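Peer 1: This is a predicted model, with the sequence first.
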Amino acid sequence: MTIQPPPAADQKIRCDACPVACWIRPGMAGACDRYANRDGELIRVDPHVILERTLDQGGRVVPFTQRKSEWAGEIVPEDTLFVTAIGAGTTYPDYKPAPFIVSAEVDGVDMVTVVTEGIFSYCGVKVKVDTDRFLGPEQATVRAQGEAVGHVTTGEYGSQMLSLGGVHHLTGGSKKEGRVTCDTLLELSNGKPVELTIEGGSTIVVEAGKAPIINGVPEERMRVGCGSATIGIFAKQWFGKVDDVVVVDDHITGVLSEHASGKVLGVAPTGIKMRGRRSTPGRYFQVADPGTGWGGTSITDPLSILDPFDKTVAKPGMTLFMVSTTGEHAAFFRLDDNLKPVEAEMPEALRASTERIKENCEPALSTVLFIAGAGGSLRAGVTENPVRLTRSVKDTLTRVTCGGAPVYVWPGGGITFMVDVTRLPANAFGYVPTPALVAPIEFTLKLEDYAALGGHMDHVRPLSTLGDHESRLVPQIQGNVWPFGPEGPRWGRE
Ligand code: SF4
């Protein structure tokens, strides 16, 4: 970063790394705490992270604020180090080349990695909350610290999706809304817990890779399946041990005696009558309101979803097992002389099947995917002809990574990517008070392809020259594809 003219060591200096343009006193940091004035020199506060390929790190995430080791440019096989954008600095105001454009030889092929910390006004997180419990109606506003930061989107199989952030919350509301949205995205992206309140629904705490906490209660299990699927999975195990089974589910409640799997096994009709809307035999929608009770419904009494049994079919003494999709709730009933279900002690076989349902439920987690568009001007730091970078990514000649983590690039226009935030070294995300998120992004491709797309060739420097600035070696996150690995872009192995 160059400042013109060079200031005296006791003067304020102006940071030009984002539109805020802080004037920073000696020994102080700017508004984002990412840049500081050290003896009249503008420095990036955090060390630059270089990933080290290791095959036996045991999946441990090493925060880059905890010194792992420094690297002073010693000669190492170049394909064992990967230069990330974490701590690298930005290209703002965009016409500048990316802060590091680093060449390396990999399997005899000259490669280049172009890194920058992108400032993303167009970004957000998609949060997947593994739960059957009712978090809030679709489209409901999600709030943090009282501010609207996103909304509830679709319910998926055993999970509720939230969409948080995005340019409208960052820039389109009040100043406070933008600031709180930015804070929320930063905390979630850096793996911190955030409390969210959903209008007309629950208060939840989400944290990437951890169990969600819903209305103060940690969620333990993700359901084994919908009510219908649960009937199908366990029908054979229940056959002969009970006359009928109801698997209570907010979406699709299953009834064994009517369900196709019950018919195949030869389960006799029991005269059971369900509330709600019958979809197909043995599959009922809307048996109750959504809630935090049995199977993601509002009910605490399972019998409340039954109408009286059909007197022409049901018989006194018939047995009924009712269970939720996680096995968290279960009850056993026997019909009395008036064909009314009366709760009775659960037979051991059904108790065991409840445990089997629980055993088949995966641990409930919150998953956070950061999504951003690396379009527009960020690409100018990579090439003088930005659309060629986009084409190169689409043509899989260029691999995109985020802090060295693999990303999913959306088809269609631009470079809109998503990354699982738990795949990055800790504290890899930052912010600027515009407000916007700062996220690392790297583009890796063959050097000859880089030249062909109009890259800043006069700024390419060999990996060994990075030893002259403060960098930190951090082990590769276990499970991540190594960015120079053969699974990626079509380089050198044709
Ligand atoms: S907010 Fe940070 S990046 Fe922006 S000008 Fe201030 S110190 Fe520089």
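Peer 2: Yes, it's here.

Peer 1: make it CA atoms for all contacts and neighbour counts henceforth
Peer 2: Noted.

Peer 1: anything in stretch 12-27 near the ligand?
Peer 2: Yes - residues of stretch 12-27 contacting the ligand under CA under 6 Å from any ligand atom: 15-18, 20-22.

Peer 1: helix/strand/coil for residue 262?
Peer 2: With DSSP: H, G, I helix; E, B strand; the rest coil as the basis, residue 262 sits in helix.

Peer 1: Isn't it up against residue 245?
Peer 2: No - using CA atoms under 8 Å, residue 262 is not in contact with residue 245, being 9.7 Å away.

Peer 1: Shouldn't residue 458 be within a helix?
Peer 2: Yes - under three-state DSSP, residue 458 falls within a helix.

Peer 1: i'd like the first residue to be 39 from this point on
Peer 2: That works, and once the first residue is 39, the last one we named lands at residue 496.

Peer 1: returning to what we had before: among the residues of stretch 50-65 next to the ligand, which ones are in strands?
Peer 2: Using DSSP state E, no member of the residues of stretch 50-65 next to the ligand sits in strands.

Peer 1: Near the ligand, which residues of the stretch 389-532 of the chain? Just list them.
Peer 2: Residues of the stretch 389-532 of the chain lying near the ligand (CA under 6 Å from any ligand atom): 470-471.

Peer 1: what's the next secondary structure element after the helix or strand hosting residue 81?
Peer 2: In this structure, residue 81 sits in strand 79-82 according to DSSP states H and E. Remark: after strand 79-82, the chain's next helix or strand is strand 86-90, criterion DSSP H and E.

Peer 1: on that earlier part again, CSV please, covering the residues of stretch 50-65 next to the ligand and showing pLDDT and neighbour count.
Peer 2: Output for the residues of stretch 50-65 next to the ligand, formatted as CSV (pLDDT from 0 to 100; neighbours: other CA atoms under 10 Å):
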residue, pLDDT, neighbour count
53, 93, 23
54, 88, 19
55, 88, 21
56, 88, 18
58, 91, 16
59, 92, 13
60, 94, 19
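
Peer 1: Which neighbouring elements make contact with the strand holding residue 81?
Peer 2: Applying 3 or more CA pairs under 8 Å, 6 or more residues apart in numbering; DSSP states H and E, one finds that strand 79-82 contacts strand 73-76.

Peer 1: Can you tell me which helices and strands the strand it packs on packs against?
Peer 2: Checking 3+ CA pairs under 8 Å, 6+ apart, strand 73-76 ends up next to strand 79-82.

Peer 1: Name every strand pairing with the strand it packs on and say which way it goes.
Peer 2: Sheet neighbours of strand 79-82, with direction, are listed as strand 73-76 (antiparallel) (DSSP bridges).

Peer 1: can you count the residues close to residue 483?
Peer 2: Burial of residue 483 is recorded as 25 neighbouring residues (other CA atoms under 10 Å).

Peer 1: should've said residue 226
Peer 2: 22.

Peer 1: looking at the sheet around the residue most central in space within the chain, what are its partners?
Peer 2: Nearest to the mean C-alpha position of the chain, by CA atoms, centre = their mean, lies residue 406 at 2.1 Å. Counting by DSSP bridges, residue 406 is bridged to residue 165.
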